[in-house]
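Asker: fold the following.
(2 chains)
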Amino acid sequence: MPTPQLDKTYSPHDVEDRWYQRWIDAGLFHADTTHPGQPYSIVIPPPNVTGSLHVGHALNNTLQDILIRWRRMQGRNTLWMPGMDHAGIATQNVVERHLQAEGTSREALGRDAFLQRVWQWKEKSGGTILSQLKRLGASCDWERERFTMDEGLSEAVREVFVRLHADGLLYRGERLINWCPRCLTALSDIEVEHEEITGKLYTIRYALADDPAQVLLVATTRPETLLGDTAVAVHPEDERYRHLIGKQVRLPLTTRTIPIVGDAILVDREFGTGAVKITPAHDFNDFEAGERHGLPRIKILDIHAHLRMGASLAESAVAEAVEGLPVAKARPKIEQLLIDQGRMEKTESHKMALGKCYRCKTVVEPLLSDQWFVKIKPLAEPAIQAVEDGRVRILPDAWKNNYLGWMRDIKDWCVSRQIWWGHQIPAWYCETCYGSPFLRRTSDGAPLIPSDAAAIVAKSKPAACSKGHSDALVQDPDVLDTWFSSALWPFSTLGWPKQTPELKMFYPTSTLVTGLDILFFWVARMIMMGLKFMGEVPFRDVYIHALVRDAEGQKMSKSKGNVIDPLHVMEQFGTDALRFTMAAMASPGRDVKLAEERIEGYRNFTNKIWNAARFLLMHLDGERVTVSPAQGSFPDRWILSRLNATIRTVTQELEQYRFDRASSALYQFIWHEYCDKYIEMIKPALKEQASEQAKTTRQTLVETFETMMRLLHPFMPFITEEIWQTLPHEGASIVRRPYPTLRADWDSPDAEQEFSLLEECRGLMNQERAILNYPAGKRLHFKVHGKTDHASTTFQKYRELIEYMENVDNLLVGSSSEVTAPHLLTLTSGSAEVGTSMEGADLQKAKDNVLKQLALLQKEAARTQQKLGNPDFVSKAPPEVLTDHHDRLARESRMIQLFEQALQQIISEQKHNHTA
RNA sequence: GGGCGGAUAGCUCAAUUGGGAGAGCGCUGCCCUUACAAGGCAGAGGUCACAGGUUCGAUCCCUGUUCCGCCUACCA
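Answerer: Predicted coordinates:
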């Protein structure tokens, strides 16, 4: 058989493209509902259609791919369901920017034409991330790719909406919501990011209406909202203010007077002045307080967060000064006006949290508007139970409490968004019933649905309203939160609401792999929806991986310029190196700090593997003979035993999602045991190409290498396939070959014990070289004595092997007296005694080395002795610890003795040289 | 404000439930030895953040402090 030749260094490029294409062509990633294996399924956390691959995706998807490839090789019926979400706000932003560049706008196009444009954009430039995932080697079932705006998934959304509504879990109402004045839409609570900033606390003088000389000091961080104040609150038990409750104050900068109310919930007597202004239309607390006291709500901000007030609300000069200004500009004006009118008591610097839109970082405003909400408590309850009783496992366990805490305190979910791209809310309103046509919004022409209009919720447009009117039914213009459709992902992608074979086979899915940042956004909501609509949890295990940061621990962001681009990394070091880095650094509960040097290190690892394969191919020529493992040579028995141990470790660690430990076991085995030790040990045998030993060794070499490739394949799919194909193998692709399992006949405790004897012996040899400062190239003669019969026969048996490994001539395995003969330096360990000639050594230096060692040993021995001399220790420590310490002391004393002997040997050699 | 996690070699991290701390990368020295210089061999390097406490004994358990993260929150 001709032996294939490989290049001297591994070049990942063409290998990766070539194999990925072949895997796809062969349909190796396709899941089949008739497959007999036990199902194993993962749904991908759908990336945004606008997204492109960053390191976080690389980590997330590498881990998923490792699981999927591993389970696939184990014979499970695996499905990795890929797809994207439509990213309502983000995508609309992207397309609107394009329109703006063309000098037009979505309003000018109209809703239908705009949506057409979005679809066009999606077809052309959306979803580049999916091709990037393919470069990463992701073995998704691309034939089943889904998109949240697909017809099937849209149907699922409508179904869910209608059923939630029918069950009383969905309602429309006027509430104060978080509003992004740039995206012009409502946001859910968790879409608001809180940022700590240092702002100002203003203390303003409110004069009493019936006695303007008396002033009530009110503290606020938002003086401009004073124009919308409808009361001032004090604590009802606050001695300072109690008598004022029920009186009126003059609202500065306006012609209005507002009441002073007592409110124990809103007011913290300790904070500020103990008096709070109430702006029910622009603050969440004030909204509640307003409800308690029946206060009017005065809106002073429009949807752009610009001040808009009726002429009656403020003094005309004030209104003129701030009308139409954004909040940030209005605030200093108001501040100045208050100062001018002598109403500003003081301003202090003040730390506070500012809410920002998580998409565009614009400061969000609480805004009063009509929105749809999911009544969440009844959904959350079973979702809490599912995690509490372990039907869903959250790993690492530490995040479980995080989840439970949030779920127990969950608030209703605002699901309507005032944008066009997304699932339009399946609710209609009858203008005829309402009595008059709805007002049209001037900005985009969409209907403005009045608060009191009755919604008809249905999967498709109803023929008529309940009273039979059919001519003027108007659909709600809003769309649903993207996360609403993402929440259905584990079952909507499998065909729900249809009862498909896929749904039956793959739901609940096995594992969800995701980052902590979307635990609430996504994971929690999937659990709620899965339980509600499937009656079963959506996944068994939720594995939460770390966030990827840069080498300094900073969050990667484009503005900081510290982004590591995974595409660039793959280009430079290869995909397998990137993947292995991701796996190796995925320690649970920790952030991943990524530096390029690490990836380079694993690139070197791929090259090491590559060259080991080259070695193998160079030595493959000739007959191969299979013998039972027990009859194999010592290196063969040893490597099979080590391989078996590695199979055990890797499998166990993967079962526990310890990608880090699994990969380090692989690294350790492949590089240090297989390459450094095994390959070195078999070189002499292979040189005698025609020998019996070469025949069996070649067989083991091939067999272990082939197994090793399969073991590594989930981590490094490309290089393993490329090499595996050049080895004798069965099957068309490594992708579907069985994952290595334990072989009882491979375990060889004998070989492992013999190996450690050899290492012990070599350790002594190295130590002598070091003490005597012999250069590495110097040919040395060693004499070795085995202190037990077993050690003695082992050294005898593997004399040539030791010579070869240590690069020495004429290793003499003999008696103790031979090893301690004059002019030799002798060192001893538990089982071995090794001597070598001191001829030509720098004895003074050697002496220094030994003295240094001796000092260290003496220090340690003294410590042990001291401990053993402590009566408390002796009487209270457990017996095994005591014997351990006695053993230690004995060992240390022995070592001291031996080093003293070595010292004497050196000294007498010095004398000898002197006299000679 | 509340909660959680972390602090171990120059760097990144390990360490089966308290009994002299390990690995990778980096560093130093010597080697281009026919698989691999993206390599080999050898080596140096630690007051386990700080202060108390429990214990015969603490990197590990407890308390406090400092620093760093993250999550959460309506002190205007």
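
Asker: domain parsing for chain A?
Answerer: Using automatic domain parsing, the domain parsing of chain A gives A:31-159+A:484-545, A:185-357, A:426-477, A:572-747, A:843-916.

Asker: next, format those as JSON lines and append distance to RNA strand B.
Answerer: C-beta coordinates here come from the backbone N, C-alpha and C atoms, glycine included. Below are these laid out as JSON lines (distance: least, C-beta to the nearest atom of the strand, whole Å):
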{"stretch": "domain A:31-159+A:484-545", "distance to RNA strand B": "5"}
{"stretch": "domain A:185-357", "distance to RNA strand B": "3"}
{"stretch": "domain A:426-477", "distance to RNA strand B": "24"}
{"stretch": "domain A:572-747", "distance to RNA strand B": "3"}
{"stretch": "domain A:843-916", "distance to RNA strand B": "2"}
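
Asker: may I ask which helix or strand encompasses A:K346?
Answerer: For A:K346, the element it lies in under DSSP states H and E is strand A:344-357.

Asker: elements contacting that strand?
Answerer: strand A:192-208, helix A:327-340 (3 or more C-beta pairs under 8 Å, 6 or more residues apart in numbering; DSSP states H and E).

Asker: quick one: low-confidence parts of chain A?
Answerer: A:1-5, A:311-312, A:439-446, A:549-562, A:589-590, A:776-777 (pLDDT under 70).

Asker: for the biggest helix by length in it, which positions count as buried?
Answerer: Longest helix in chain A by number of residues, with DSSP state H as the criterion: helix A:879-915. By 16 or more other C-beta atoms under 10 Å, the buried positions in helix A:879-915 come out as A:882, A:885, A:888-889, A:891-892, A:895-896, A:898-899, A:901-903, A:905-906, A:909.

Asker: bridging residues for A:D809?
Answerer: Per DSSP bridges, the residues bridged to A:D809 are A:H781.

Asker: once you drop chain neighbours, what's closest to the closest residue to RNA strand B within the stretch 1-150 of chain A?
Answerer: Closest residue of the stretch 1-150 of chain A to RNA strand B, C-beta to the nearest atom of the strand: A:T9 (4.1 Å). Excluding the flanking residues, the one nearest A:T9 by C-beta to C-beta, 6 or more residues apart in numbering is A:N607, at 5.9 Å.

Asker: surely A:K247 meets A:T257?
Answerer: No. Using C-beta atoms under 8 Å, A:K247 is not in contact with A:T257, being 9.5 Å away.

Asker: now do the shared contacts for the two.
Answerer: Residues touching both A:K247 and A:T257 (C-beta atoms under 8 Å, 6 or more residues apart in numbering): A:A209.

Asker: before we move on, the earlier item: and which of the buried residues of helix A:879-915 is nearest A:R658?
Answerer: A:R888 (32.5 Å; C-beta to C-beta).

Asker: what's the closest of the buried residues of helix A:879-915 to A:D745?
Answerer: A:R891 (36.3 Å).

Asker: got the contact list for that closest one?
Answerer: A:R891 touches nothing, counting by C-beta under 8 Å, 6+ apart.

Asker: could you find the closest non-adjacent residue to A:P280?
Answerer: Per C-beta to C-beta, 6+ apart, closest to A:P280 is A:G290, 2.9 Å.

Asker: shouldn't A:G173 be in contact with A:D370?
Answerer: Yes. Using C-beta under 8 Å, A:G173 is in contact with A:D370, at 6.9 Å.

Asker: of the two, which one has the most company?
Answerer: A:D370 (19 against 11; other C-beta atoms under 10 Å).

Asker: rewinding a little: what about the residue nearest to A:P280, which helix or strand?
Answerer: Going by DSSP H and E, A:G290 is part of helix A:284-293.

Asker: got the contact list for the helix or strand following that helix?
Answerer: Next along the chain after helix A:284-293, taking DSSP H and E as the criterion, comes helix A:316-322. Contact with helix A:316-322 is made by A:224, A:227, A:253-254, A:307, A:309, A:311, A:313-314, A:330, A:333-334, A:337, as judged by C-beta under 8 Å, 6+ apart.

Asker: can we see that at 6 Å?
Answerer: Outside helix A:316-322, the residues that touch it by C-beta atoms under 6 Å, 6 or more residues apart in numbering are A:L253, A:L307, A:A330, A:K333, A:L337.

Asker: tell me, how many neighbours does the first one end up with?
Answerer: In other words, A:L253. Neighbour number of A:L253 under other C-beta under 10 Å is 25.

Asker: setting aside sequence neighbours, what's the nearest residue to it?
Answerer: Leaving aside its sequence neighbours, A:L253 sits nearest to A:V318 (C-beta to C-beta, 6+ apart; 4.6 Å).

Asker: from A:P326, how far off is that neighbour?
Answerer: Going from A:V318 to A:P326 by C-beta to C-beta, to the nearest Å gives 16 Å.

Asker: before we move on, what about A:S316?
Answerer: Distance, A:S316 to A:P326, by C-beta to C-beta: 21 Å.
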